[in-house]
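Student: Output the structure for:
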Amino acid sequence: MTPLTKARLPSCGILARALVLGLTLLIPFLAACNTGTRSTALGSMTSSSLGWTDIRQSEPRLPPGDKSLFGIAGRTLWVPLAPPTDLKPGQPWTPEAEKHPLLDGTEPLQAELLGLVGSVNTTDRLAAPLPWLPEPVRWTPISQAEVLAGTAPRGQVLAWALAIEIPADLAYRQAITIDIGGPEGTDRLVVRLLPAPKAGLDTRRMVMPDASIPQWRRLGQRLRTEAVDPFRRWRMWLIMDRFGEKRLFGPGGFPSHDPMTNPVLRRISSMVEERWRIAISELSHADETTAAKLIMRLTGVATVPSGELVPVWPLDSTGEYSLLQDLLDPRLQPEQRIARAQEWLSVLPPTLAWVIDDAGHSLAQRDAPEGPDYPQHLVIDGARIGVLDLSSTASTVTIGPARGAPADRQRRATVQLIASGAGEAELLAISTDGSGAAPVLVRTGASTLPIAVVAAPLPARPPGLPMGPLVEGASLALLPIGHATPAPAAWATVVMLHRTSLGQWQVYVEGKRPGEEWLATDEMHIFLGPMGATAHELIVGPKNGAEAVNATTWSALLDLPPGAVRTGELLIGLTRHDPRGAIQAWPRPLLPGETEPGRMRIDLTQWGSFEGDFEGL
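Tutor: Okay, here's the model as predicted:
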């Protein structure tokens, strides 16, 4: 296939990722840049200039010179148009001449030139917390006249496509050719016609998570990121077919919550959805069991420890794009479709694991007798790990230290996980050697996933121990790799532990905010003692004991209560409930529905004889 050239436009990190994750799902809609290649009217999209895998490597193998797309009789076919090869970075452009598509080279077809401007609004995080799913790209349809007049809305990406209406009376044909004229000649496009899609999914082989109505409705709210992007919206319809539209969105169903009103974007969304339905239908005819496993991964939803339902589907849209193209290829035999779907499923990670609590329990707490205040699952010496099975079959997971003497490596925990059609996270405790960053291995079958636990306590030394940064809630993209996103600078929080000359331990807190209008519901929570058995919870904020430093900053100095420090060690965790609805946390990000943070162990014996007051530092 002849590659499209790509507009050499600036690609900030979040947009570049959004493009690859959101826009290469199906349609090569964006113009691309391929230095040294002449500008053609159509072709396949690549992502090499964004630093990601070239999609052409995984497209169906077509005969040389066969520029092929998939279409449906009676539906719109979207054909990307390439920009000029000499386009300067950031330069707006429009197609140089009108395109006149001809069916089989003779019969004119109804067509419309459409443009899209795409952008990601990174300032949204000043007013809303980071969502669980990646931020969507916001698309706005534009016309040639708007671009030429300079009135088109600004964005990071500008793309053009020719929307061609395929006549419904061509449904009997397997393929058609469309000639599209351009400034440098005519391109012939082979359009392989697909059968009309069927509505609904066969859910008999799929598992339904056990959740309350409010939990289902909150899942529906988390899906709004998928509803605003026409290139990601297809998954919404599969999810509603699987779990039930009213269960997710209430009696009014999805239309009462639908944020997409633009007819052009809805047409694009429908085209993507229809192709996925056709691909799943063709696979289901070949093997219903494999089709059910595929749907459960594409619409994966799991229950996290808080009881909330969260999406857990793969975010590698490049792989999904490749899979979709292969499943749609009419040249594949049924057994080839089955093998292709099974291949895609086999390379997905079987489990998701993350650190919930690094600290575990101190020596005194570990040796305490069991009782109402120390239930059995809390009387342990070790980090707490969350493990979620993502595969379609039940599996056994073993967690253990990655290093140490053979006896140390025997300190492991094993749990039987349920199948992930209705995955539910399990909590495991693992003992570590208490020094440094302890690598822990999570083993599922032949798969091994290393995660890092902070086993050694942090030393508190003069002039003070900074604790932070506080991070925003966990996200599906960052949780598997143990990363989190710090709060925006306008919402940053500074926390420091200090001891006075009289031996009193204090915590200094300083909170930023964009302005005085953000005063409501801004509170800092300081948890002391083990997770799940908090000994003290200190709360402070602008309306609860803190002082206003200026219009954008508040601060507070708190004494740790008597009894909070024992045996020279402190277990502490931090959260800040800010007015955006975000819960910032330290040392680990919180998953949806969680309010109590994990803990970090602090060694207080290394302060020495330093004398001085915090306010004089």
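Student: make it CA atoms for all contacts and neighbour counts henceforth
Tutor: Fine.
Student: how about whichever helix in the chain runs longest as CSV, C-alpha atoms only?
Tutor: The longest helix of the chain (DSSP state H) is helix 263-286. Only the C-alpha atoms of helix 263-286 are listed here, as CSV (Å, rounded to 0.1, in the frame of the first residue of the first chain):
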residue,chain,number,x,y,z
PRO,A,263,-23.6,14.9,13.2
VAL,A,264,-20.2,14.6,11.4
LEU,A,265,-18.6,13.1,14.5
ARG,A,266,-21.5,10.8,15.0
ARG,A,267,-21.1,9.5,11.5
ILE,A,268,-17.5,8.8,12.0
SER,A,269,-18.3,7.0,15.3
SER,A,270,-20.9,4.9,13.6
MET,A,271,-18.5,3.8,10.9
VAL,A,272,-15.9,2.6,13.4
GLU,A,273,-18.5,0.9,15.5
GLU,A,274,-20.0,-1.0,12.5
ARG,A,275,-16.6,-2.3,11.5
TRP,A,276,-16.0,-3.7,15.0
ARG,A,277,-19.4,-5.4,15.0
ILE,A,278,-18.7,-7.0,11.6
ALA,A,279,-15.3,-8.2,12.7
ILE,A,280,-16.8,-9.7,15.9
SER,A,281,-19.7,-11.3,14.0
GLU,A,282,-17.3,-12.9,11.5
LEU,A,283,-15.2,-14.3,14.4
SER,A,284,-18.2,-15.5,16.3
HIS,A,285,-19.3,-17.5,13.2
ALA,A,286,-15.9,-19.2,13.3
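Student: What is the helix or strand that comes right after it packed up against?
Tutor: Following helix 263-286 in sequence order, the next helix or strand is helix 288-298 (DSSP states H and E). In terms of contacts (3 or more C-alpha pairs under 8 Å, 6 or more residues apart in numbering; DSSP states H and E), helix 288-298 is packed against helix 263-286, helix 334-346.
Student: Which positions in helix 288-298 come out as buried?
Tutor: 288, 290-298 (16 or more other C-alpha atoms under 10 Å).
Student: Which residues does it contact?
Tutor: Helix 288-298 is contacted by residues 202-203, 205-206, 235, 238, 280, 283-284, 313-314, 338, 341-342, 345, 390-392, 420-421 when judged by C-alpha atoms under 8 Å, 6 or more residues apart in numbering.
Student: Run a quick neighbour tally on the closest residue to residue 564 other than its chain neighbours.
Tutor: Leaving aside its sequence neighbours, residue 564 sits nearest to residue 528 (C-alpha to C-alpha, 6 or more residues apart in numbering; 6.6 Å). Residues contacting residue 528 under the criterion other C-alpha atoms under 10 Å number 23.
Student: gap between residue 528 and residue 151?
Tutor: 56 Å (C-alpha to C-alpha, to the nearest Å).
Student: And residue 88, by the same measure?
Tutor: Taking C-alpha to C-alpha, one finds residue 88 at 20 Å from residue 151.
Student: What helix or strand is residue 217 located in?
Tutor: helix 213-222.
Student: one step back: whichever of the contacts of helix 288-298 end up buried, select them in PyMOL.
Tutor: The following PyMOL line selects those of the contacts of helix 288-298 that are buried, judged by 16+ other C-alpha under 10 Å:
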select buried, resi 206+235+238+280+283+284+313+314+338+341+345+390+391+392+420+421
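Student: Tell me the helix or strand right after the worst-scoring helix or strand of the chain on mean pLDDT.
Tutor: Least confident helix or strand of the chain, by mean pLDDT, DSSP states H and E, is helix 13-23 with a mean of 31. Using DSSP H and E, the helix or strand that follows helix 13-23 in sequence is strand 68-72.
Student: and that next one, what other elements does it pack with?
Tutor: Checking 3+ C-alpha pairs under 8 Å, 6+ apart, strand 68-72 ends up next to strand 185-194.
Student: quick check: mean pLDDT across stretch 144-161?
Tutor: Computed over stretch 144-161, the mean pLDDT rounds to 81.
Student: Start and end of it, how far apart?
Tutor: End-to-end for stretch 144-161, by C-alpha to C-alpha: 12 Å.
Student: Mind listing what's buried along that stretch?
Tutor: Under 16+ other C-alpha under 10 Å, the buried positions of stretch 144-161 are 144, 147, 152, 155-161.
Student: can you check stretch 190-203 too?
Tutor: 190-197, 201.
Student: Could you give the backbone dihedrals for residue 570?
Tutor: phi -130, psi 130 (degrees, to the nearest 10).
Student: and it, how many neighbours?
Tutor: By other C-alpha under 10 Å, neighbour count at residue 570 equals 23.
Student: contacting residues around it?
Tutor: With C-alpha under 8 Å, 6+ apart, residue 570 has these contacts: 528-529, 564, 601-604.
Student: Tell me which entries of these lie within strands.
Tutor: Among the contacts of residue 570, DSSP state E puts 528, 601-603 in strands.
Student: ok, those vs residue 568, which is closest?
Tutor: residue 603 (6.3 Å; C-alpha to C-alpha).
Student: who are the neighbours in contact with the closest one?
Tutor: With C-alpha under 8 Å, 6+ apart, residue 603 has these contacts: 457-460, 568-570.
Student: which residues of the stretch 301-450 of the chain score low on pLDDT?
Tutor: 361-382, 392-439, 445-446 (pLDDT under 70).
Student: Show me the shaky parts of the chain.
Tutor: For the chain, the ranges with pLDDT under 70 are 1-68, 90, 96-99, 122-127, 182-185, 361-382, 392-439, 445-446, 518-519, 609-617.
Student: Including distance to residue 94, could the ones in strands among the contacts of residue 570 go into JSON lines?
Tutor: Converted to JSON lines, these look like this (distance: C-alpha to C-alpha, whole Å):
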{"residue": "528", "distance to residue 94": "61"}
{"residue": "601", "distance to residue 94": "60"}
{"residue": "602", "distance to residue 94": "61"}
{"residue": "603", "distance to residue 94": "64"}
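Student: Which single one of the residues you listed is nearest to residue 575?
Tutor: Of those, the one sitting nearest to residue 575 (C-alpha to C-alpha) turns out to be residue 528, at 11.8 Å.
Student: which one of the helices and strands packed on helix 288-298 is the most hemmed in?
Tutor: Mean neighbour counts were taken over these using mean count of other C-alpha atoms under 10 Å, and the top value, a mean of 19, falls to helix 263-286.
Student: Okay, angle between that helix and strand 185-194 too, please.
Tutor: 50 degrees (axes from the mean of the first three to the mean of the last three C-alpha atoms, to 10 degrees).
Student: For helix 263-286, which outside residues touch it?
Tutor: 26-27, 75-76, 139, 141, 194-199, 229-235, 237, 260, 290-292, 295, 324, 327-328, 334-335, 337-338.
Student: cool, stretch 583-601 as well?
Tutor: Under C-alpha under 8 Å, 6+ apart, the answer for stretch 583-601 is 132, 304, 306-308, 310, 355-360, 456-458, 467-475, 484, 487, 527, 530-531, 569-578.
Student: How far off centre is that stretch?
Tutor: Computed by C-alpha atoms, centre = their mean, to the nearest Å, the chain-centroid distance of stretch 583-601 equals 18 Å.
Student: Okay, buried residues for that stretch please.
Tutor: 583-593, 595-601.
Student: Using PDB, write out the CA atom coordinates for it.
Tutor: Presented in PDB, the C-alpha positions along stretch 583-601 are these (Å, rounded to 0.1, in the frame of the first residue of the first chain):
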ATOM      1  CA  ILE A 583      -7.800  13.000  46.100                       C
ATOM      2  CA  GLN A 584      -4.100  13.600  45.900                       C
ATOM      3  CA  ALA A 585      -2.100  10.900  47.900                       C
ATOM      4  CA  TRP A 586       1.300   9.900  49.100                       C
ATOM      5  CA  PRO A 587       3.100   7.500  49.000                       C
ATOM      6  CA  ARG A 588       1.000   5.700  46.400                       C
ATOM      7  CA  PRO A 589      -1.900   6.800  44.200                       C
ATOM      8  CA  LEU A 590      -5.400   5.900  45.100                       C
ATOM      9  CA  LEU A 591      -7.600   3.900  42.900                       C
ATOM     10  CA  PRO A 592     -11.200   5.000  42.200                       C
ATOM     11  CA  GLY A 593     -13.300   4.900  45.300                       C
ATOM     12  CA  GLU A 594     -10.400   4.700  47.700                       C
ATOM     13  CA  THR A 595      -9.900   7.300  50.500                       C
ATOM     14  CA  GLU A 596      -7.300   5.800  52.700                       C
ATOM     15  CA  PRO A 597      -3.600   5.900  51.500                       C
ATOM     16  CA  GLY A 598      -0.900   3.400  52.000                       C
ATOM     17  CA  ARG A 599       1.800   4.100  54.500                       C
ATOM     18  CA  MET A 600       5.500   4.900  54.400                       C
ATOM     19  CA  ARG A 601       7.800   3.900  57.300                       C
END
